[in-house]
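Asks: Curious how this folds, go ahead:
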Amino acid sequence: MSLSQSARKIRRRVVKKTGRRVLQALDRYLGRQSLVGDHPFFDPGRFAHVRLLEQNWRMIRSELDKLLQTSEHIPPFHAVSPDQKRISKDDSWKTFILYGFGRKAERNCRQCPETSALLETIPHLQTALFSIVAPGYHIPPHRGVTKGVIRTHLGLLVPKQRDRCYIRVADEIRNWEEGKCLVLDDTFEHEVRNQTDEQRIVLFIDVERPLPLIPRLLNKGVLRAIQWTAYVKEADKNLADWEERFEAAVQQADGFTRDSMENPN
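Replies: Predicted coordinates:
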């Protein structure tokens, strides 16, 4: 490793450590100001976007099913965001990203046009992706980046043994159900266990936390600042590469299918 690379690595470590302390202090403030309280899980009925997702879950599932036809080209989480290497191993946790910290993944959204159009109607959307957890995989305990967002999981493909596939947030455990949402705060320690022989897939979205005016403006500034960190910029670059690869794979598969139909012999 060169001297400049070592210096960048040290600088990034210092920035991350300082940023983490700042975000932790901000999280305590946002938790106190939150208009929906500060809990591991929230009542889904308090959020308008939950009704929208649940009413349209079969359409979203149909677009997911199409993506899964070329699932080998969907990247593992750590291939897009290297900071996730501790909790994402091999190909056991894949993510198909539609939005990342407020930025739209245009190519990926073109693969899911109806889902993308639906997401565009959700106010204050920050992140949206399909989260695919392999059979038998355990996502270790970890915490999210900021309390400035609240996370929703829409169950799309849930193992038959639902009781053996769950998420723990703080000391509370929930199971997914197809067509239903869980709403949670990922800054509490959480983990996922899929102790079945089937994969689990949810549509995972983050929206800005409901806050009074002054903390809301502060939160918007922090979320915008996060977009410019190496944590996000590196993921953006990797995502662009994976989007291009996935789009090419889909085009190749579509071309092969059309050719087979036109020339069956």
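
Asks: Remind me which helix or strand Thr152 belongs to.
Replies: strand 149-157 (DSSP states H and E).

Asks: Below-threshold pLDDT in the stretch 1-150 of the chain: ranges please.
Replies: The model of the stretch 1-150 of the chain has pLDDT under 70 over residues 1-19.

Asks: buried sites along the longest helix seen in the chain?
Replies: Looking across the chain with DSSP state H, the single longest helix is helix 230-262. Neighbour counts over helix 230-262 (16 or more other Cβ atoms under 10 Å) mark 231-232, 235-236, 238-239, 242-243, 246-247, 250 as buried. For the C-beta atoms, the positions are set from N, CA and C on the backbone; glycine is no exception.

Asks: Quick check: neighbours of the strand holding Thr152 in the sheet, parallel or antiparallel?
Replies: strand 181-184 (antiparallel), strand 200-208 (antiparallel) (DSSP bridges).

Asks: picking that back up, just the buried residues of helix 230-262: which has the poorest pLDDT?
Replies: In terms of pLDDT, the lowest of those is Tyr231, showing 80.

Asks: Tell me where the protein has strands.
Replies: For the chain, applying DSSP state E gives strands covering 41-42, 93-100, 103-104, 125-133, 138-142, 149-157, 165-169, 172-175, 181-184, 190-194, 200-208.

Asks: Let me have the ones you listed in a markdown table, extended by mean neighbour count.
Replies: Shown next, in a markdown table, are the strands of the chain (neighbours: other Cβ atoms under 10 Å):
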| stretch | mean neighbour count |
| --- | --- |
| strand 41-42 | 18 |
| strand 93-100 | 23 |
| strand 103-104 | 16 |
| strand 125-133 | 22 |
| strand 138-142 | 14 |
| strand 149-157 | 22 |
| strand 165-169 | 20 |
| strand 172-175 | 14 |
| strand 181-184 | 22 |
| strand 190-194 | 20 |
| strand 200-208 | 23 |
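
Asks: Leu119: which of these is closest?
Replies: strand 125-133 (5.2 Å; Cβ to Cβ).

Asks: Pairing partners for the closest one, with directions?
Replies: Take DSSP bridges as the rule and strand 125-133 pairs in its sheet with strand 93-100 (antiparallel), strand 200-208 (antiparallel).

Asks: Dump those into a markdown table; add distance to Leu129 as well.
Replies: Listed next are the strands paired with strand 125-133 as a markdown table, based on distance: least, Cβ to Cβ, whole Å:
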| stretch | distance to Leu129 |
| --- | --- |
| strand 93-100 | 4 |
| strand 200-208 | 5 |
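
Asks: So which of the ones you listed is nearest Arg32?
Replies: Closest among the strands paired with strand 125-133, using Cβ to Cβ: strand 200-208, at 16.6 Å.

Asks: how much distance is there from that closest one to the middle of the chain?
Replies: 5 Å (Cα atoms, centre = their mean, to the nearest Å).

Asks: One more: stretch 86-100?
Replies: So, by Cα atoms, centre = their mean, the centroid of stretch 86-100 is 8 Å from its chain's centroid.
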